[in-house]
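Peer 1: just the structure for this:
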Amino acid sequence: MNADLIAGERHLHFAVGKALRAIAAGRNIANDPGIEIMRYASGERQIERSFSIGLCKGENNAVFVLLGKMDNLVLALSALKELITEKPCSELLAYSDYKKQGILSVFGITDAEIEASGKEHIPELVIERVALADFAK
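Peer 2: Predicted coordinates for the structure are as follows:
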């Protein structure tokens, strides 16, 4: 996923947790766990619209969520590290002014919402979208 559209570690953890719980309960919309995670992280019910937080052609700040058995995860992580320039999660995922415009656009956060809650609460507004993903049309 595009790390520039993730509004902090809490956003990612919350989305992954919601997706895994939906899969465990048989309430998932996507058949692929990665797509289900992206669907929640984007705050979208529609799979096609969830790709708005995916990677684009060219260079990206990316966040990867690896799922599976530990042996397979170690191998996958090792292979991935050969392809990417690694950055600390706290740096990559932290919400910042650099991310603000993209996040406001993708998540449809309005000026009225920001005025009512304060710009420091933008990450919480994103998490609200994730929480409501199952109920959106």
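Peer 1: spatially nearest residue to the most centrally placed residue in the chain (excluding sequence neighbours)?
Peer 2: With distances taken as C-alpha atoms, centre = their mean, residue 41 lies nearest the centre of the chain, 3.4 Å away. Nearest residue to residue 41 in three dimensions, chain neighbours excluded: residue 15, at 3.8 Å (C-beta to C-beta, 6 or more residues apart in numbering). Every C-beta, even on glycine, is put in place using the N, C-alpha and C of the backbone.
Peer 1: any idea how far the one you found lies from residue 85?
Peer 2: Remark: distance between residue 15 and residue 85 (C-beta to C-beta, to the nearest Å) = 24 Å.
Peer 1: comparing those two, which residue is more hemmed in?
Peer 2: Set side by side, residue 15 and residue 85 show unequal neighbour counts under other C-beta atoms under 10 Å, the larger going to residue 15 at 28 against 7.
Peer 1: the more buried one belongs to a strand?
Peer 2: No. Residue assignment for residue 15, taken from DSSP: H, G, I helix; E, B strand; the rest coil, gives helix, which places it outside any strand.
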